[in-house]
Each structure stands twice: as structure tokens, then as C-alpha cells.
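A.B. asks: Next input, structure requested:
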Amino acid sequence: MSPFFVMSLLFGLAFGQTASLCAPSEYTIHVEKRECAYCLAINTTICAGFCMTRDSNGKKLLLKSALSQNVCTYKEMLYQTALIPGCPHHTIPYYSYPVAVSCKCGKCNTDYSDCVRERVRTNYCTKPQKLCNK
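C.D. replies: Sure, this is the predicted structure:
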């Protein structure tokens, strides 16, 4: 192999890891309960961004483990709890939500991540909105 080819290969591997733009991003989620008078807009952070993936065109030739596609997912997260205003006394007015501390490119874990390709627009309020600033 030529030295140019080897250097190009090493540069591509190194740059491929650093080109992954996966990081915590600001995001607003909207939470409401049927029994409560208000919808709560919560500012939090989620993992979002670009991760290098492999081309799966050779799926008949490759092992199943080589076909996994990396996604931007949580490396570290914590949960915070917010109080939904306007709830009657018989209703639990608390909502816990994840806050991304750090992110990584890796396999999607459906235990705590939404791994679908297309999003359904459900992040909106049908009731008067209150803002939760943490």
C-alpha cells in the first residue's frame, strides 16, 4: 500500500469520529394532563446531531453486528421533576423528564430513547400554557 493511501485511511478514520456532531441541544417539551388546567412548557436538553454510520449495501456479506447504525444518544442524563399547575388535589401534579448531560454516538436504546426515523408532531399544547424555567 502506498503511504498516501494509508495516511488517507487514517485521516478518514480519525476525522470520521471527530465529525460526529452529537451534543446536548436545547429543547422545549409540552406536558399536560387531562385533569389539570394548564399545559406546561419545559425547557430541557436532549441529545441531537449527526453520527457517522456505515453503508449497509453489503448486508449479505457482513456480520449482523457490522450493520448497526449509530445514533446520537444519551451518555449521561439525569431526571428533573416539574409541577404541572392547575391540578385538582386528587391528581398527581408532577412530571419527571430527562435532561441530557452528555451525549455519544451509539446504538439506540429503546428503553429511554425514541428510535423512529420519522417524528410525529405531538409536542404542542391544547390548554393554556405556563412556562417552567429550570
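
A.B. asks: Which parts of this protein are helices?
C.D. replies: Using DSSP state H, the helices found in the chain span residues 3-18.

A.B. asks: just for it, where's the confidence low?
C.D. replies: Scanning the chain for pLDDT under 70 picks out 1-20, 54-68, 112-123, 131-134.

A.B. asks: 90 instead, please
C.D. replies: For the chain, the stretches with pLDDT under 90 are 1-21, 28-32, 39-41, 50-74, 85, 106-134.

A.B. asks: quick one: the strands in it?
C.D. replies: Assignment of strands within the chain using DSSP state E yields the ranges 21-32, 39-50, 71-83, 94-106, 129-132.

A.B. asks: looking at these, which is buried most?
C.D. replies: When these are scored by mean count of other Cβ atoms under 10 Å, the highest mean neighbour count falls to strand 39-50 (a mean of 18). To be clear about C-beta, it is placed using only N, CA and C from the backbone, and glycine gets the same treatment.

A.B. asks: OK, contacts around residue 32?
C.D. replies: Counting by Cβ atoms under 8 Å, 6 or more residues apart in numbering, residue 32 touches 38-40, 84, 125-127.

A.B. asks: Ignore what I typed, I meant residue 96.
C.D. replies: Contacts for residue 96 (Cβ under 8 Å, 6+ apart) come out as 79-82.

A.B. asks: And these, which is closest to residue 109?
C.D. replies: Using Cβ to Cβ, residue 79 comes nearest to residue 109 of those, at 15.6 Å.

A.B. asks: Please tell me how far the nearest residue to the closest one once chain neighbours are set aside sits from residue 77.
C.D. replies: In this structure, residue 79 finds its nearest non-sequential neighbour in residue 96, 5.0 Å apart by Cβ to Cβ, 6 or more residues apart in numbering. The spacing between residue 96 and residue 77, counted by Cβ to Cβ, to the nearest Å, is 12 Å.
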